[in-house]
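Peer 1: Output the structure for:
(one chain, ligands or ions: 1)
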Amino acid sequence: MQEVIRVENLTKRYKDVIAVDNVNFAIQKGHCFGLLGPNGAGKTTTIEIMEGIIKATKGQVFYYGKPIDESMSQQIGIQFQHTALQDFLTVKETLNLFTSFYQHTVSHEKLIELCDLREFLNRDNRLLSGGQRQRLLLALALINDPDIVFLDEPTTGLDPQARRNFWQLIKNIKAQNKTVVLTTHYMDEAQQLCDDVLIMDHGQVIARGTPRQLLNQHFNEVFIYLPVEQVPDELCQQSNWQVNEQQVEITTSDVEATIALLLAKNVSLSGLHVKSPNLDDLFLKLTGHSLRD
Ligand SMILES: Nc1ncnc2c1ncn2[C@@H]1O[C@H](COP(=O)(O)OP(=O)(O)OP(=O)(O)O)[C@@H](O)[C@H]1O
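Peer 2: The predicted structure is shown next:
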């Protein structure tokens with residue numbers, strides 16, 4: 001597998017804040033690479049250094065083995081924030097405008113198809129819904145046919161249906177053998193899309209691997225949930241039983257033994273459900289606080 005990007009000893013310091021603290025990783029061609037972490041973890045700073053937008057205090061980024069330089073801007077795709085969209089221009093006119101910025105571009109027809117823009121091509125940018133705007137911004141990031149696309153929190157603020165639609169677009173882009181670098185604080189998004197993830201907190205890498213590897217490495221338990229009113233207090237005293245709002249959460253590596261205990265104590269199993277740990281649970285385990293704190 002070919003390495004597209006290598007980040008070595010990356011550090012970014014702002015006066016009294018170390019936004020990125022000696023971070024190292026590599027990204028393989030065709031992968032969706034997820035930079036995950038809570039607000040202020042250092043994701044945007046890392047991605048902006050990789051895009052060549054800001055300079056590192058220390059360390060280097062290599063693109064196909066060479067240190068990044070200005071020529072890279074013609075070869076990569078960056079999904080900008082919606083403030084990059086000009087008022088009073090239609091979607092079609094916006095595509096024309098951005099096409100003029102690059103030497104090599106893909107056909108609009110292909111972009112319209114890939115990003116599903118046809119139904120609002122003649123609409124003013126100001127009238128687009130959140131999901132439509134993100135689709136247009138994605139098309140603009142692909143206009144120069146980049147082989148690596150950077151998406152910084154692309155689905156923040158979208159409703160669940162628009163998020164899912166956007167995920168499908170990212171899968172379509174990956175199917176074209178493009179590499180996607182994605183920052184997100186939605187762990188379900190990372191689990192759906194990413195081949196490889198790097199979890200950051202306070203500027204440092206706290207975990208790195210495929211979502212499956214990370215979960216296998218850190219958990220051999222599942223969670224069992226039961227409505228709290230069904231469970232006698234004496235059972236809730238055990239260390240791996242926790243009362244959260246209306247539910248009792250039992251962390252166990254032996255589902256059968258736990259169910260047998262519940263049945264032996266005549267606890268009703270109605271409403272019981274079992275959940276495997278996800279990346280949110282991993283983050284909580286690694287840092288002691290949840291992602292949305
Ligand atoms: N220009 C700047 N000047 C000073 N401090 C900054 C600057 N940019 C970022 N920081 C600080 O660096 C740290 C990392 O910020 P960064 O935006 O990279 O985090 P993030 O993980 O992308 O967070 P979010 O999800 O909120 O965008 C934060 O403490 C932030 O306040």
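Peer 1: Going by C-alpha atoms from here, please, whenever you check contacts or count neighbours.
Peer 2: OK.
Peer 1: The residue in the stretch 51-200 of the chain that the ligand sits nearest to - how many residues pack around it?
Peer 2: At 6.8 Å from the ligand, His185 is the closest residue in the stretch 51-200 of the chain, using Cα to the nearest ligand atom. Number of residues near His185 (other Cα atoms under 10 Å) recorded here: 22.
Peer 1: In a helix, Arg212, correct?
Peer 2: Yes: assessed by DSSP: H, G, I helix; E, B strand; the rest coil, Arg212 belongs to a helix.
Peer 1: That one and Val274: what is the separation?
Peer 2: Between Arg212 and Val274 the distance is 18 Å, computed by Cα to Cα, to the nearest Å.
Peer 1: which stretch of helix or strand covers Gln110?
Peer 2: Wrong residue type there; residue 110 is Lys, not Gln. Element membership for Lys110 (DSSP states H and E) is helix 108-115.
Peer 1: Please report how far Leu193 lies from Gly130.
Peer 2: Look at Leu193 and Gly130: by Cα to Cα, they are 20 Å apart.
Peer 1: So which of the two has more stuff around it?
Peer 2: In this view Leu193 and Gly130 are compared by other Cα under 10 Å, and Leu193 has more residues nearby, 22 against 16.
Peer 1: one step back: got the contact list for the residue of the stretch 51-200 of the chain closest to the ligand?
Peer 2: Leu36, Gly37, Pro38, Asn39, Glu153, Leu291 (Cα atoms under 8 Å, 6 or more residues apart in numbering).
Peer 1: So which of the residues you listed reach the ligand?
Peer 2: The overlap between those and the neighbours of the ligand (Cα under 6 Å from any ligand atom) comes to Gly37, Pro38, Asn39.
Peer 1: Out of those, which is nearest to Gln237?
Peer 2: Checking these against Gln237 with Cα to Cα, the nearest one is Pro38 at 31.7 Å.
Peer 1: The closest one contacts Gly203, correct?
Peer 2: No: counting by Cα atoms under 8 Å, Pro38 does not reach Gly203; the two are 10.5 Å apart.
Peer 1: Counting neighbours, go ahead and name the busier of the two.
Peer 2: Gly203 (25 against 19).
Peer 1: Not including adjacent chain positions, what is the nearest residue to the more buried one?
Peer 2: In this structure, Gly203 finds its nearest non-sequential neighbour in Val20, 4.1 Å apart by Cα to Cα, 6 or more residues apart in numbering.
Peer 1: what pairs with the one you found across the strands?
Peer 2: On the basis of DSSP bridges, Val20 is bridged to Lys12.
Peer 1: near the ligand, which residues of this protein show up?
Peer 2: So the chain meets the ligand at Tyr14, Ala19, Gly37, Pro38, Asn39, Gly40, Ala41, Gly42, Lys43, Thr44, Thr45 (Cα under 6 Å from any ligand atom).
Peer 1: Try it again at 8 Å.
Peer 2: Residues of the chain lying close to the ligand (Cα under 8 Å from any ligand atom) are 13-15, 17-20, 36-46, 153, 183-185, 200-203.
Peer 1: what's near enough to touch the residue nearest in space to the middle of the chain?
Peer 2: Nearest to the mean C-alpha position of the chain, by Cα atoms, centre = their mean, lies Thr184 at 3.3 Å. Shown in contact with Thr184 (Cα under 8 Å, 6+ apart): Gly34, Leu35, Leu36, Gly37, Asp152, Glu153, Pro154, Thr156, Ala190.
Peer 1: Just the buried residues of these.
Peer 2: By neighbour count, with 16 or more other Cα atoms under 10 Å, these hold Gly34, Leu35, Leu36, Gly37, Asp152, Glu153, Pro154, Ala190 as buried.
Peer 1: what would those residues look like in JSON lines with secondary structure and pLDDT?
Peer 2: Shown next, in JSON lines, are the buried ones among the contacts of Thr184 (DSSP: H, G, I helix; E, B strand; the rest coil; pLDDT from 0 to 100):
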{"residue": "Gly34", "secondary structure": "strand", "pLDDT": "96"}
{"residue": "Leu35", "secondary structure": "strand", "pLDDT": "95"}
{"residue": "Leu36", "secondary structure": "strand", "pLDDT": "93"}
{"residue": "Gly37", "secondary structure": "coil", "pLDDT": "88"}
{"residue": "Asp152", "secondary structure": "strand", "pLDDT": "89"}
{"residue": "Glu153", "secondary structure": "coil", "pLDDT": "89"}
{"residue": "Pro154", "secondary structure": "coil", "pLDDT": "90"}
{"residue": "Ala190", "secondary structure": "helix", "pLDDT": "92"}
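Peer 1: and which of those residues is nearest Leu261?
Peer 2: Among the buried ones among the contacts of Thr184, and counting by Cα to Cα, the member closest to Leu261 is Ala190, at 35.6 Å.
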